[in-house]
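S.K.: Take this sequence and fold it.
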Amino acid sequence: MILKPLLTWGALFVVLGAVLMVGRFDHAEGQTFDPVFDFQVTPLEPETPSDTKVNLDIPEGQVNFRATINYVPAEWGIVRGDAIPVGAPVGELLSEAVLGLINAACNQKLPVGFDMLNATIDRSKTVSFEDLDGEDQTGEREPNTRDFAEDKDQNGLADAIDSYPDFLDRVVDAQPIRRSAGITLVAGTPVLLQFLVYEPGTLIDEDIPNDEELGFPLVTYLQNAGDPDIVPAPGVITDFCSPLVVENTTLGVSTDNPDTEADESGVTLTVNPTDGSYTFRSFGFGQFDADGDSYENGLDTCALEPNVGNPRIPLDGDLDSDGLDQACDPNDDPNAGGTNSDEDLDGYLNRQDNCPLDPNGEPADEENPVEGETNQADEDKDGLGDICDPNPDTDDGEILSLTNEFVIDIGTGGGSPGAPPSEEACPDCWRPGEGGEDGGEDPPSEEGDDDGGSSALPFIIAAAVIGVAVVGGGLLFMRSRSGGGSA
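M.R.: Numbering: from 1, shown residues only. Model prediction:
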């Protein structure tokens, strides 16, 4: 079952044209989950490539995303990945996140940016996310450089661009139509962001609708979140909270390509459908708040008891600054030994530990192979570790849900969906029966750097940016706290 860890990093999409948003919000007293979106697309003509710019704003005090899944209408023209040069730039994602560092209050602003490139969809040519060889491209020992961030063939592209990260198949075992990837350094640590689009009807997870009529499912991956083989590990980023501001710009045509022949005319990435009205759908959920004090479990410094202070403000309700609010801190007196930043001595700082008062941070090793089963384990993925969760098999906290339908008019609109762009307007667009495990042959393997590849869809927005903001560990750490992901 991969639904909750996967969707925590799920993708939001960018809609094209004039937007009508119909939203439904459910939240407990004190909680708010009401993100603000703004969309700009140029141009809106039928059967024409278009650039898209989208802004996402989660105001301070709101809970962050737990899960999103989104669908693009099946009529949209999506150029197949094997028709786009690997390494072609397709857009840029910028964000400003608020993090808590090394057990401190969640109030450190961090700007994060990704240059998104077309990445191969050849699943036979893989690379590990982990540092398996401990060497760089020259063969020299280079520990702490994960394989995906290396450039073994020295072609100027990180291996996650021209090879397929093997963990993707462990999360969603299906052939994507397209993939884009960006790598940025945060505190010297390479962070990987990927956007993947799958065929309509692809089963992403048993609990996610996979009706073909919904359109193309879009999935965002930050680092290797969702990988069932992840081993949690401590890191320097111990919280990730609102406010969050994200700006994602994607291109309808890529002009700065590795293929010199493509530089003159550019390579089309996405094409508007014919004249008509189209509906994009988004399903989103906020994070849980077990005690109803407006702080989600991952941020809450006393997740099962209402806080005295605000975890975003230094020393507020935490006089000894140990990362525990006095509502549950066994000793909050800094003059009487109450400054233990790892109260249960399990290797995880209090603010990143999903059971800060109960040891559950023993990773598996050769001497203790079983310990990894309880290392920050969180079966229901509610942000509370199993060892201290009063209901380890049931989510603790109200479900904050958001359902949006975005009605997009292309051309005159016409009030009903039109059709995909014609073969003439988009000869390389994906058509039913082309590619994928359920619809024909998989795209061919690359013979060189310019064969095969993909790019981010112009309607993919950075909800991953919820992940983006946590680069280096933020959201990742939230996954570490709940039994998945590590920085």
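S.K.: Kindly export stretch 210-227 (C-alpha atoms) in PDB.
M.R.: Output in PDB follows, covering the C-alpha atoms of stretch 210-227 (Å, rounded to 0.1, in the frame of the first residue of the first chain):
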ATOM      1  CA  ASN A 210      -8.100   5.400 -12.400                       C
ATOM      2  CA  ASP A 211     -11.100   5.900 -14.700                       C
ATOM      3  CA  GLU A 212      -9.800   6.700 -18.200                       C
ATOM      4  CA  GLU A 213     -12.400   9.500 -18.500                       C
ATOM      5  CA  LEU A 214     -10.500  11.400 -15.800                       C
ATOM      6  CA  GLY A 215      -7.600  11.900 -18.100                       C
ATOM      7  CA  PHE A 216      -3.800  11.800 -17.600                       C
ATOM      8  CA  PRO A 217      -2.800  11.300 -13.900                       C
ATOM      9  CA  LEU A 218       0.100  13.500 -12.900                       C
ATOM     10  CA  VAL A 219       2.600  12.500 -10.200                       C
ATOM     11  CA  THR A 220       5.400  14.500  -8.600                       C
ATOM     12  CA  TYR A 221       8.300  12.900  -6.800                       C
ATOM     13  CA  LEU A 222      10.700  14.700  -4.400                       C
ATOM     14  CA  GLN A 223      13.800  12.600  -3.700                       C
ATOM     15  CA  ASN A 224      12.800   9.000  -3.400                       C
ATOM     16  CA  ALA A 225       9.600   9.600  -1.300                       C
ATOM     17  CA  GLY A 226       7.200   6.800  -1.600                       C
ATOM     18  CA  ASP A 227       9.800   4.100  -2.200                       C
END
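S.K.: model confidence over that stretch, on average?
M.R.: Stretch 210-227 shows a mean pLDDT of 87.
S.K.: Quick check: buried residues in that stretch?
M.R.: Neighbour counts using 16 or more other CB atoms under 10 Å place 214-227 of stretch 210-227 among the buried residues. C-beta here means a position set from N, CA and C on the backbone, and glycine is covered the same way.
S.K.: Those residues into CSV, with extra columns for secondary structure and distance to Leu99?
M.R.: Output for these, formatted as CSV (DSSP: H, G, I helix; E, B strand; the rest coil; distance: CB to CB, whole Å):
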residue, secondary structure, distance to Leu99
Leu214, helix, 34
Gly215, coil, 34
Phe216, strand, 32
Pro217, strand, 29
Leu218, strand, 26
Val219, strand, 24
Thr220, strand, 19
Tyr221, strand, 20
Leu222, strand, 14
Gln223, coil, 15
Asn224, coil, 20
Ala225, coil, 16
Gly226, coil, 21
Asp227, coil, 23
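S.K.: three-state assignment of the closest residue to Tyr221 other than its chain neighbours?
M.R.: Counting by CB to CB, 6 or more residues apart in numbering, Tyr221 lies nearest to Gln194, which is 4.4 Å off, once chain neighbours are set aside. Put simply, Gln194 is strand when judged by DSSP: H, G, I helix; E, B strand; the rest coil.
S.K.: Looks like Gln194 contacts Phe167 (just checking).
M.R.: No - applying CB atoms under 8 Å, one finds Gln194 not in contact with Phe167, separated by 10.4 Å.
S.K.: higher neighbour count, those two?
M.R.: The neighbour comparison of Gln194 against Phe167 (other CB atoms under 10 Å) goes to Gln194, with 28 against 22.
S.K.: Would you mind naming the residues that bridge with that one?
M.R.: On the basis of DSSP bridges, Gln194 is bridged to Ala181, Tyr221.
S.K.: What segments of the stretch 251-400 of the chain are strands?
M.R.: Ranges of strands in the stretch 251-400 of the chain, per DSSP state E, counting those that start in this stretch, are 253-254, 267-268, 270-271, 276-286.
S.K.: winner for burial among those?
M.R.: Among the strands of the stretch 251-400 of the chain, ranked by average contacts under mean count of other CB atoms under 10 Å, first place goes to strand 270-271 (a mean of 27).
S.K.: re earlier: now the strands of the stretch 251-400 of the chain in a markdown table, with mean pLDDT and distance to Asp38?
M.R.: Listed next are the strands of the stretch 251-400 of the chain as a markdown table, based on pLDDT from 0 to 100; distance: least, CB to CB, whole Å:
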| stretch | mean pLDDT | distance to Asp38 |
| --- | --- | --- |
| strand 253-254 | 92 | 23 |
| strand 267-268 | 94 | 26 |
| strand 270-271 | 93 | 20 |
| strand 276-286 | 82 | 15 |
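S.K.: Just send these back as JSON lines, with distance to Pro73 too.
M.R.: Below are those laid out as JSON lines (distance: least, CB to CB, whole Å):
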{"stretch": "strand 253-254", "distance to Pro73": "21"}
{"stretch": "strand 267-268", "distance to Pro73": "18"}
{"stretch": "strand 270-271", "distance to Pro73": "12"}
{"stretch": "strand 276-286", "distance to Pro73": "4"}
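S.K.: among these, which is nearest Asn107?
M.R.: strand 276-286 (20.5 Å; CB to CB).
S.K.: Can you tell me the strand partners of whatever helix or strand Phe406 lives in and which way each runs?
M.R.: Element membership of Phe406 [criterion: DSSP states H and E] is strand 401-410. Each strand paired with strand 401-410, and its direction, by DSSP bridges: strand 21-22 (antiparallel), strand 25-26 (antiparallel), strand 276-286 (antiparallel).
S.K.: Average pLDDT for it, rounded please.
M.R.: Strand 401-410 comes out at a mean pLDDT of 80.
S.K.: What of stretch 330-338?
M.R.: Stretch 330-338 comes out at a mean pLDDT of 90.
S.K.: got a list of contacts for it?
M.R.: The contact list for stretch 330-338 (CB atoms under 8 Å, 6 or more residues apart in numbering) reads 318-322, 324, 326, 329, 340, 343, 357.
S.K.: Can you tell me the closest non-neighbouring residue to Asp147?
M.R.: Ser128 (4.5 Å).
S.K.: low-scoring stretches of the stretch 251-400 of the chain, by residue?
M.R.: Applying pLDDT under 70 to the stretch 251-400 of the chain flags residues 259-265, 363-372.
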